[in-house]
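Asks: sequence first, predicted model second:
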Number of protein chains: 2
Amino acid sequence: MERSRKRQQLKQQLLELIEAQGEGGRLPPERELSERFAVARETLRRSLRELEDEGLLERKQGAGTFISGQPVLKQPQLLSFSEEMLERGLQPSSRLISSRRIAAGAKLAQRLKIVPGSPLLELRRLRLANEAPMALETVYLSQALLPGLEPQDLVRGSLYEVLERQYGLKIRSAQQQIQATVLSEDEAGLLDVPPFSPSLLIERLSLAQGGEIVEYAKSLYRADRYRFEIQVQRAKPVLPAPAEAPDPL
Amino acid sequence: MERSRKRQQLKQQLLELIEAQGEGGRLPPERELSERFAVARETLRRSLRELEDEGLLERKQGAGTFISGQPVLKQPQLLSFSEEMLERGLQPSSRLISSRRIAAGAKLAQRLKIVPGSPLLELRRLRLANEAPMALETVYLSQALLPGLEPQDLVRGSLYEVLERQYGLKIRSAQQQIQATVLSEDEAGLLDVPPFSPSLLIERLSLAQGGEIVEYAKSLYRADRYRFEIQVQRAKPVLPAPAEAPDPL
DNA sequence: CAGTGGTCTAGACCACTGG
DNA sequence: CAGTGGTCTAGACCACTGG
């Protein structure tokens, strides 16, 4: 606690310096800063690295540490529907459309990397934001990984929360595929748009800490209400291909 | 060179250890490893941190360093169309549909953060992969930032390449918005699909090193040929909200 | 070539976990 | 409470840049 608080504080002091300087400004040399804040240079450098990672600073060997002329680049992070809506300032809610136990078909088995025929829980939920339909979500969960899971456990609240609380499964990452499609009449009806309206189809495979595949979800988002946003960085030559042929990028 | 080569080599040795152990395995304690490889513990820890960032290792205070049961998480990185197609094993090419000089309207001016009425270069290109239409791209470039740029400079090859070679502008990051839409008859004709086919609309704002907005691009991708893929990590509690109320996530 | 950030070292203590 | 990863220190030298 003591320790990490110290770095927090150091970072706070640096942030004040950065704000005082403004864009395009320059920070004093590291040796000077470490003395001023009474920390070892390496300790200071950790905080500087964090600030650099957040996009606030640019460091150039031999030149100096400069205040970045760019707003913070928000790293893409995996959020549940509930979390994402809250972040957008909307109140999330859910309506359970259906739930059933099924046996994994070939396609689902392949995606979830389980044996075909394994028992799955299929949940269809209408996801709402401020009471208005936003997405139609179909989730597949492996029963083997989540013994005793009941559909009603998932009616309210975030799936990720339930997984963590009841099964100690922490979601660690996900692979998402985003496509454009048009809605069937059923789907359109549930989402309250005309049939054949365009829709973002987002498929997600969520992995837990240990690499277990926990969830496969298919969500149809209303194209008029939802857009997927992402900020990406141009690859830094962090790992310049140890000694092999150069990448043809 | 000497130095960085040393860490490369250290990392290589660690990789061999990791492979030898396999998933779920465990690395020896840091103090032992640093002795074995004859480096300071902090130096070893840097390499370990890099490997952790790449998703190969998980470190747990008090417990140990474990070999991650998960394949490397590919960080999303900004690629040009050409680069992306090459990475997918497809041969990219372009066909210039039109190019004109226009004055920035209110909307474009706002996005590019320039004065309305400023001169812009508008380029429409059909982007092909293995000779087949993949996307229809409209790019807007600020003339002020790129004096003397001619449309024919951009017919072949990557825009990013031209920017870097001719103007020393290195693209650093981009904001992308992804929506679903349907194609107009014109657009559908160019992309060689039936009218009103679904399409992924990807808007991109590219920023250079200094934060300058270099490009605004709108691309319509064939929904049947293109899907956007992304791997995202669940947020680590890296910054646990300095001292404020906890996030309601 | 003075000044800057980048890397590395040897050693200390802290925070957390349960081999 | 032994062992582990996490943090920090004071100091050295390297690599790069052009105030």
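Replies: Alright, I've got the coordinates.

Asks: residues from chain A in reach of DNA strand D?
Replies: Proximity of chain A to DNA strand D, by CB under 7 Å from any atom of the strand, involves residues A:3-4, A:6-7, A:38-43, A:46, A:60-64. C-betas here are computed from N, CA, C, even on glycine.

Asks: just the strands in chain A please.
Replies: A:26-27, A:57-60, A:64-67, A:77-78, A:92-103, A:119-129, A:132-142, A:171-182, A:198-208, A:213-222, A:228-234 (DSSP state E).

Asks: parallel or antiparallel, list what pairs with the second one.
Replies: It refers to strand A:57-60. Strands that pair with strand A:57-60, judged by DSSP bridges, come out as strand A:64-67 (antiparallel).

Asks: re the thing from before, dump the strands of chain A into TSV; add mean neighbour count as well.
Replies: TSV is the format used below for the strands of chain A (neighbours: other CB atoms under 10 Å in any protein chain shown):
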stretch	mean neighbour count
strand A:26-27	16
strand A:57-60	15
strand A:64-67	18
strand A:77-78	18
strand A:92-103	14
strand A:119-129	19
strand A:132-142	20
strand A:171-182	20
strand A:198-208	22
strand A:213-222	21
strand A:228-234	18
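
Asks: so how many other residues sit close to A:Leu163?
Replies: Other residues lying near A:Leu163 total 23 when counted by other CB atoms under 10 Å in any protein chain shown.

Asks: what residues are up against the nearest residue to it once chain neighbours are set aside?
Replies: In space, A:Leu163 comes closest to A:Leu169 once its chain neighbours are excluded; the distance is 4.4 Å by CB to CB, 6 or more residues apart in numbering or on different chains. Residues near A:Leu169 by CB atoms under 8 Å, 6 or more residues apart in numbering or on different chains: A:Leu145, A:Leu146, A:Leu163, A:Ala208, A:Gln209, A:Glu212, A:Val214.

Asks: single out whichever of those has the smallest pLDDT.
Replies: The pLDDT minimum for those sits at A:Gln209, where the score is 67.

Asks: could you find the closest non-adjacent residue to A:Arg124?
Replies: Nearest to A:Arg124 is A:Ile97, by CB to CB, 6+ apart, at 4.0 Å.

Asks: report pLDDT for that neighbour.
Replies: 92.

Asks: returning to that earlier point: between the strands of chain A, which gets nearest to B:Glu52?
Replies: Ranking these by their distance to B:Glu52 (criterion: CB to CB) puts strand A:171-182 first, at 12.3 Å.

Asks: the closest one pairs with which strands?
Replies: Within its sheet, and counting by DSSP bridges, strand A:171-182 is paired with strand A:198-208 (antiparallel), strand B:228-234 (antiparallel).

Asks: what does chain A have sitting close to DNA strand C?
Replies: Contact residues (CB under 7 Å from any atom of the strand) of chain A with DNA strand C: A:1-3, A:27, A:29-31, A:41-42, A:45, A:48, A:59-65.

Asks: re earlier: now the contacts of A:Leu169 as JSON lines including distance to A:Gly89?
Replies: Compiled in JSON lines, the contacts of A:Leu169 are given as follows (distance: CB to CB, whole Å):
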{"residue": "A:Leu145", "distance to A:Gly89": "34"}
{"residue": "A:Leu146", "distance to A:Gly89": "32"}
{"residue": "A:Leu163", "distance to A:Gly89": "26"}
{"residue": "A:Ala208", "distance to A:Gly89": "29"}
{"residue": "A:Gln209", "distance to A:Gly89": "30"}
{"residue": "A:Glu212", "distance to A:Gly89": "33"}
{"residue": "A:Val214", "distance to A:Gly89": "28"}
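
Asks: helices - which of those residues land there?
Replies: Applying DSSP state H to the contacts of A:Leu169, the entries found in helices are A:Leu163.

Asks: still on that earlier bit, weakest of the strands paired with strand A:171-182 in terms of mean pLDDT?
Replies: Of all the strands paired with strand A:171-182, strand B:228-234 carries the lowest average pLDDT, namely a mean of 83.

Asks: contacts for that one, please.
Replies: A:76-78, A:170-179, A:228, A:230, B:73-76, B:178, B:200, B:202.

Asks: one step back: make a PyMOL selection of the buried ones in the residues of chain A next to DNA strand D.
Replies: Typed into PyMOL, the next command selects the buried ones out of the residues of chain A next to DNA strand D (criterion: 16 or more other CB atoms under 10 Å in any protein chain shown):
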select buried, chain A and resi 39
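
Asks: tell me the one of the residues of chain A next to DNA strand D nearest B:Leu136?
Replies: Sorting the residues of chain A next to DNA strand D by how near they are to B:Leu136, with CB to CB, puts A:Lys60 at the top with 39.4 Å.

Asks: bridge partners for that closest one, pull those for me.
Replies: Beta-bridge partners of A:Lys60, as defined by DSSP bridges: A:Gly64.

Asks: make sure it is actually in contact with A:Leu27.
Replies: No - the pair A:Lys60 and A:Leu27 does not pass the contact test of CB atoms under 8 Å, sitting 11.5 Å apart.

Asks: circling back: could I get the strands of chain A as CSV with distance to B:Pro116?
Replies: As requested, the strands of chain A are arranged in CSV below (distance: least, CB to CB, whole Å):
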stretch, distance to B:Pro116
strand A:26-27, 33
strand A:57-60, 31
strand A:64-67, 29
strand A:77-78, 35
strand A:92-103, 38
strand A:119-129, 33
strand A:132-142, 34
strand A:171-182, 31
strand A:198-208, 30
strand A:213-222, 32
strand A:228-234, 25
